[in-house]
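**Student:** just the structure for this:
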Amino acid sequence: MENTLLPGLYIVATPIGNLGDITLRAIETLRGVSAVACEDTRVTGKLLHHLGLKKKLVRYDDHAGEGDRERLLAMMEAEPVALVSDAGTPLISDPGYRLVRTARERGIAVTSLPGPNAAVVAMTLSGLPNDRFLFAGFLPNKAKAREDMLAELGKVPATLIFYDTAPRLDASLAAIASVLPGREVAVGRELTKKFEECRSGSPQELSEYYAAHPPKGEIVLLIAPPGEEPLGEVDVDALLREALATAKASQAAAAVAKATGLDRKTLYARALELK
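**Tutor:** Predicted structure coming up:
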């Protein structure tokens, strides 16, 4: 097939698990480009082999320097180049931001092809409110930074979406229970694959489940927005007990007060009774 693509950068979304999710347009674009910039040449090589394509692969990941970027930009000025990530839509918690920005600044044509995205798939599966949602990338590794981020974003009136990994899931659920008690949480994993799962409940319920059924792979973690339940229906004792599992009485009272709007002193007195 004759290459009919114009020079420039083509951002191509690839499957997050099920290879059948790649679009016809993505296949035609990958067929037409001169080279493919990717995070891992082995991963992208397998996809291209599955599609019956053989292309020049150029590694472009988080460790790419200015020289790597300049070489790609020079290629794009003369020929069509695709940018892919290991899975899903490039630039969504993946490298590529500086490449796209510089290409636009230099007048290089940039085309983005819509396709698979783990955050959106998990959002549609979760059953949580989807009229407003905030994607915030990966939760921090360190406990204090993780709690600070949850406290900051927990005030946003929207469903929160994070990426996470299986080894860190329990720590993330504990942090949610402490900082945002009473919030419904959903965990999406193995999305689009044979054993796809999206399980929802309280952080404690999910923590207990995954302690008995250790998860593998990458995780999408979703947290319901504040104030989803009418205040009169809130089980304050349940919220306090959940918070007290990982925090002192004063901290538990503060967290529940923030989540419900109830009086902190009253909650502290009740927390002392429950300990």
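**Student:** mind checking which helix or strand the residue most central in space within the chain is in?
**Tutor:** Residue closest to the mean C-alpha point of the chain, counted by Cα atoms, centre = their mean, is Y163 at 3.2 Å. Assigned by DSSP states H and E, Y163 belongs to strand 159-165.
**Student:** for that strand, buried residues please.
**Tutor:** Buried residues in strand 159-165, counted by 16 or more other Cβ atoms under 10 Å: 159-164. Placement of C-beta: from N, CA and C, glycine included.
**Student:** and the closest residue to A271 other than its chain neighbours, how many neighbours does it have?
**Tutor:** Residue nearest to A271 in three dimensions, not counting chain neighbours: A249, with 4.1 Å by Cβ to Cβ, 6 or more residues apart in numbering. Other residues within reach of A249, judged by other Cβ atoms under 10 Å, total 19.
**Student:** got the contact list for A249?
**Tutor:** 268, 271-272, 275 (Cβ atoms under 8 Å, 6 or more residues apart in numbering).
**Student:** hmm, which of the residues you listed are the buried ones?
**Tutor:** Here, 16+ other Cβ under 10 Å leaves 268, 271 buried among these.
**Student:** sort out for me which of the contacts of A249 are in helices.
**Tutor:** Secondary structure defined by DSSP state H assigns 268, 271-272 of those to helices.
**Student:** re the thing from before, may I have the phi/psi pair for the residue nearest to A271?
**Tutor:** Phi and psi for A249, reported as degrees, to the nearest 10, are phi -60, psi -40.
**Student:** can you put the ones in helices among the contacts of A249 in JSON lines and add pLDDT?
**Tutor:** Below are the ones in helices among the contacts of A249 laid out as JSON lines (pLDDT from 0 to 100):
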{"residue": "Y268", "pLDDT": "87"}
{"residue": "A271", "pLDDT": "89"}
{"residue": "L272", "pLDDT": "89"}
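**Student:** quick one: pLDDT of the residue nearest to A271?
**Tutor:** A249 is assigned 89 on the pLDDT scale.
**Student:** distance of it relative to V256?
**Tutor:** To V256, A249 is 11 Å away according to Cβ to Cβ, to the nearest Å.
**Student:** same check on G137?
**Tutor:** Taking Cβ to Cβ, one finds G137 at 27 Å from V256.
**Student:** when the two are compared, which one has more neighbours?
**Tutor:** V256 (29 against 12).
**Student:** wait, the more buried one sits on R270?
**Tutor:** No. Using Cβ atoms under 8 Å, V256 is not in contact with R270, being 9.1 Å away.
**Student:** any idea how far stretch 253-261 is from the chain center?
**Tutor:** Centroid separation between stretch 253-261 and its chain, computed with Cα atoms, centre = their mean, to the nearest Å, is 27 Å.
**Student:** can you name the residues in contact with that stretch?
**Tutor:** In contact with stretch 253-261 (Cβ under 8 Å, 6+ apart) are residues 151, 154, 178-183, 226, 231, 234, 236, 239-240, 243, 247, 262-265, 267-268, 270-271.
**Student:** excluding chain neighbours, what is closest to G45?
**Tutor:** Nearest non-adjacent residue to G45 (Cβ to Cβ, 6+ apart): L57, at 6.3 Å.
**Student:** wait, K216
**Tutor:** Distances taken as Cβ to Cβ, 6+ apart put A166 closest to K216, at 5.4 Å, once the chain neighbours are dropped.
**Student:** how many neighbouring residues does that neighbour have?
**Tutor:** Neighbour number of A166 under other Cβ under 10 Å is 14.
**Student:** any idea how far A82 lies from L57?
**Tutor:** 10 Å.
**Student:** and if you look at N141?
**Tutor:** 30 Å.
**Student:** out of the two, name the residue with the larger neighbour count.
**Tutor:** Set N141 next to L57 and count neighbours by other Cβ under 10 Å: L57 wins out with 17 against 10.
**Student:** assign that one to helix, strand or coil.
**Tutor:** With DSSP: H, G, I helix; E, B strand; the rest coil as the basis, L57 sits in strand.
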